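[1] Pasted the sequence and its predicted model underneath.
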Amino acid sequence: MPYLAFKSEYDRFPRTKVADFDGDIHVDEAIVPVLSSLAYGILAFEVYPGSDMEKLFLELILKLNPDNIYNIETCRKPYTRLKPILEPYLTEDRVFGRMNKLTIFDLYDEKKLDSLLAKVHNSKGFTIIYGFGASLAEYDNLVYVDMTRWEIQLRFRKGMPNFTADNPDEDPLRKFKRGYFLEWRIADIIKLAHLPRAKYLIDASDEDHFTMITRDAFEAGLDQLVSGPFRLIPYFDPGVWGGNWMKEVCNLPENNSNYAWCFDGVPEENALCLVFGDKEYHFPALDLVFFRSRELLGEKVHQRFGKEYPIRFDFLDTMNGGNLSLQVHPTTSYIQKTFGMTYTQDESYYILDAKPDSSVYLGLKEGIDPKRFIADLETANLGEAGFDDSLYINRFPAKKHDHFLIPAGTVHCSGKNTMVLEISSTPYIFTFKLWDWDRLGLDGLPRPVHINHGKHVIQYDRTTSWVEKNLVNRIERISSVEAKTGLHELEPIETRRFQVEKELLIENHGSVNQLNLVEGKALVVFSPDDQFPPFEVHYAETFIVPEKVKTYLVKPRDPQETCLLIQASIR
């Protein structure tokens, strides 16, 4: 079934061209001659966990012909010793752990580490130390080997174990949890401290190739990104409830399944691509948040969230698919107390497309008995009976451009035949599923359900009348071309929708802006003072405008067309 009346121009591989650094990027065999200039003293290869250590050793390190080579990961504590250290933060739960203050020193045997570092520092000639934590050495030169988290997750699915466990066959959700709560947090502490000191950066996300750039080229790329609009590289994932809208609109390949998710605006997950001449360098978008946080976020947002990006856009596709799981997100107090997170996942559903039977489940019906509600959910999830959602949950019809607001604690989900642009704050894994319509995941296992958490955060006063008044299409007209569409006053994000028929000036409200073209073939973003070159956006594409860009102009590419643009910012 065609969803568009025009041919989609959605770009799955957005790139940012960086001028004047064509000679600063090198691929595979061209890397070694460049690194030979560092062949003296101690050269450290700091490695983000998930990188292919054997490939790094064979294709780069050995070819530099060092006098001494040390792998710092030989100092890792045995898994039996790591287990009691990490278990309090991993918990028995399949999905959720706890944030913590562990560092790389918690993962290594102190005596072995001291002995190895002493050998490194006392070695004669050219010495290389490499691995996760190699920057603990007093190095003369540093090369930082980076990885995108999406590629790490794909490798987990293929059987790669975690750094802190010998678990190649473990459930990928548990591997992700170990990465999210432990390994990536420790790696990011190292990255923040040492990446700015690296002479070169290597992208290890491609299984077949290494790509290396100078840190100067990388810094120039970051500077360019925060000077104008840019897009992240989206990724798409199948799911048991997935639909087929994104296959057409986002130009996706056939995958013998339907796609459920698209992450098109989540810097903690997505990558960015810099182009130098005819070569590309991919790196985690989170690096931009880490190293250009004030320019990207703005002082107001940086003071509130630090080096965290607080806005998330993603797609939830149930067109010719099924309902999402019935779910609820934790309140701020609960997520802080239980998981050590500083803020929670408030969100909304902006409806990009809908069939006549499209719907959104939102809030509770009047006068329900909370104890019976939870008991019926628990009974249903034990397989002893079905769950009659009509007794408890409001179901609202949904049409294109409706906006449903979902502050934390509100029971909700999207129904089938609904295409959702989810606009939310960023802690995206903290979804407590309450009921999953008695189905298995694509892995053949029951999908995780968390009534044990959900029952503590459900806001039982968010019933039909309150939801209708506060959460459904709270449209406030600002002008003939601008309207506030949300979010609820309990949520930190504000969204505005612009009707763009001709050139229109947009303010950034002192915050980073994240936007999506929700109607129209294409729109051009340009600067009133030529701060950045014209930037073209196509239907359904998410893009980011850094706070450094205080105002920007938009207009339809086709003067005869009317576009709709939704903008999210932090209040």
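    Sure, I can see it. Numbering: from 1, shown residues only.

[2] what's the domain layout of this protein?
    Residue ranges for the domains of the chain, per automatic domain parsing: 28-225, 235-474, 482-570.

[3] Now do the first one: distance to the chain's middle.
    This means domain 28-225. Centroid separation for domain 28-225 versus its chain: 21 Å, with CA atoms, centre = their mean, to the nearest Å.

[4] now swap in the second one and tell me
    Relative to its parent chain, domain 235-474 has a centroid offset of 13 Å by CA atoms, centre = their mean.

[5] May I have the distance across it, first residue to last?
    Taking CA to CA, to the nearest Å, domain 235-474 runs 31 Å from one end to the other.

[6] what's the answer for stretch 468-486, then?
    Span of stretch 468-486 from end to end, CA to CA: 14 Å.

[7] what's the closest of the domains of the chain to Phe13?
    domain 235-474 (7.1 Å; CB to CB). Any C-beta I mention is one placed from the backbone N, CA and C, and that applies to glycine too.

[8] Can you tell me how far the closest residue in space to Thr332 that isn't next to it in sequence is from Gln336?
    Excluding the flanking residues, the one nearest Thr332 by CB to CB, 6 or more residues apart in numbering is Thr344, at 4.8 Å. Distance, Thr344 to Gln336, by CB to CB, to the nearest Å: 8 Å.

[9] And the domains of the chain: which comes nearest Asp11?
    Among these, domain 482-570 comes nearest to Asp11, with 6.5 Å by CB to CB.

[10] quick one on the thing from earlier: who's more crowded, Thr344 and Gln336?
    Neighbour count, other CB atoms under 10 Å: between Thr344 and Gln336, Thr344 has more, with 26 against 15.

[11] so what's that one up against?
    Counting by CB atoms under 8 Å, 6 or more residues apart in numbering, Thr344 makes contact with His329, Pro330, Thr331, Thr332, Tyr334, Ile335, Ala408, Ser425, Pro427, Phe430.

[12] now do 6 Å
    Pro330, Thr332, Ile335, Ala408 (CB atoms under 6 Å, 6 or more residues apart in numbering).

[13] Provide the secondary structure category for it.
    Secondary structure for Thr344, judged by DSSP: H, G, I helix; E, B strand; the rest coil, is coil.

[14] what does the model give it for pLDDT?
    At Thr344, the model reports a pLDDT of 93.

[15] circling back to that earlier point, which of the contacts of Thr344 sits closest to Asn141?
    Closest approach between the contacts of Thr344 and Asn141, by CB to CB: Ile335, at 41.6 Å.

[16] Provide a list of residues in contact with the nearest residue to Leu297 once chain neighbours are set aside.
    Nearest in space to Leu297, with sequence neighbours left out and distances taken as CB to CB, 6+ apart, is Val512 at 5.0 Å. Residues counted as contacts of Val512 (CB under 6 Å, 6+ apart) are Leu296, Leu297, Glu547.

[17] Any chance of JSON lines for the residues you listed, columns distance to Gly321, neighbour count and pLDDT?
    Formatted as JSON lines, the contacts of Val512 follow (distance: CB to CB, whole Å; neighbours: other CB atoms under 10 Å; pLDDT from 0 to 100):
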{"residue": "Leu296", "distance to Gly321": "34", "neighbour count": "25", "pLDDT": "98"}
{"residue": "Leu297", "distance to Gly321": "35", "neighbour count": "27", "pLDDT": "98"}
{"residue": "Glu547", "distance to Gly321": "37", "neighbour count": "23", "pLDDT": "98"}
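
[18] Those residues in helices, which ones?
    Taking DSSP state H, the ones among the contacts of Val512 that sit in helices are Leu296, Leu297.

[19] From the contacts of Val512, pick the one nearest Asn141.
    For the contacts of Val512, the nearest to Asn141 is Leu296 (28.8 Å; CB to CB).

[20] which residues touch that closest one?
    Listed by CB under 6 Å, 6+ apart, the contact set of Leu296 reads Val226, Val512, Pro546.

[21] distance of the residue nearest to it when sequence neighbours are not counted from Lys484?
    Ranked by CB to CB, 6+ apart and with sequence neighbours excluded, the top spatial neighbour of Leu296 is Pro546, at 4.8 Å. As defined by CB to CB, Pro546 lies at a distance of 22 Å from Lys484.

[22] if you count what's nearby, which of the two comes out ahead?
    Higher neighbour count among Pro546 and Lys484: Pro546, with 23 against 15, using other CB under 10 Å.

[23] and that one, what does it touch?
    If a contact means CB under 6 Å, 6+ apart, then Pro546 has Val226, Glu295, Leu296 as its contacts.

[24] let's see 7 Å
    Val226, Glu295, Leu296, Val512 (CB atoms under 7 Å, 6 or more residues apart in numbering).

[25] distance of the last one from Gln567?
    Right, the one you point to is Val512. Going from Val512 to Gln567 by CB to CB gives 11 Å.

[26] Angles on the backbone of Cys71, please.
    If you look again at residue 71, you'll see it is Asn, not Cys. When read as degrees, to the nearest 10, the backbone of Asn71 gives phi -100, psi 110.

[27] what's the closest non-adjacent residue to it?
    Using CB to CB, 6+ apart, the closest residue to Asn71 is Gly131 (5.2 Å).

[28] And Gln153, by the same measure?
    Spatial nearest neighbour of Gln153, chain neighbours left out: Phe176 (6.1 Å); criterion: CB to CB, 6+ apart.

[29] pretty sure His450 is in contact with Trp435, am I right?
    No. The criterion here is CB atoms under 7 Å, and His450 misses it with Trp435 at 11.0 Å.

[30] Specify which residue of the two has the higher count of neighbours.
    Counted by other CB under 10 Å, His450 and Trp435 do not tie: Trp435 has more neighbours, with 23 against 19.

[31] Give me the three-state assignment for Tyr89.
    Assigned with three-state DSSP, Tyr89 falls in the helix class.

[32] what about it, neighbour count?
    If we define neighbours as other CB under 10 Å, then Tyr89 has 19 of them.

[33] Just to check, it is in contact with Phe96?
    No. Counting by CB under 7 Å, Tyr89 stays clear of Phe96, with 10.5 Å between them.

[34] what's the following helix or strand after whichever strand or helix holds Val275?
    Here Val275, judged by DSSP states H and E, is contained in strand 271-276. As assigned by DSSP H and E, the chain's next helix or strand after strand 271-276 is strand 279-284.

[35] Do me a favour and get the backbone dihedrals for the residue nearest to Leu296.
    Reported as degrees, to the nearest 10, the phi and psi values for Pro546 are phi -60, psi 150.

[36] cool, the one 4 residues further on as well?
    For Lys550, the backbone dihedrals are phi -70, psi -40 (criterion: degrees, to the nearest 10).

[37] what's the nearest residue to it if we skip its chain neighbours?
    Among residues not flanking Lys550 along the chain, Asn508 sits closest, at 5.8 Å (CB to CB, 6+ apart).

[38] Surely the one you found touches Lys548?
    No. With contact defined as CB under 7 Å, Asn508 does not count as touching Lys548 (9.0 Å).

[39] and the one helix or strand Ile69 maps to, C-alpha only, in PDB?
    For Ile69, the host element (DSSP H and E) is strand 68-71. Extracted C-alpha coordinates of strand 68-71, given in PDB (Å, rounded to 0.1, in the frame of the first residue of the first chain):
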ATOM      1  CA  ASN A  68      57.600  -3.900  23.100                       C
ATOM      2  CA  ILE A  69      53.900  -4.600  23.100                       C
ATOM      3  CA  TYR A  70      51.600  -4.800  26.100                       C
ATOM      4  CA  ASN A  71      47.900  -5.600  26.200                       C
END
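
[40] can you tell me the distance between the two ends of stretch 139-158?
    One end of stretch 139-158 sits 34 Å from the other (CA to CA).

[41] Nice, that's everything, thank you.
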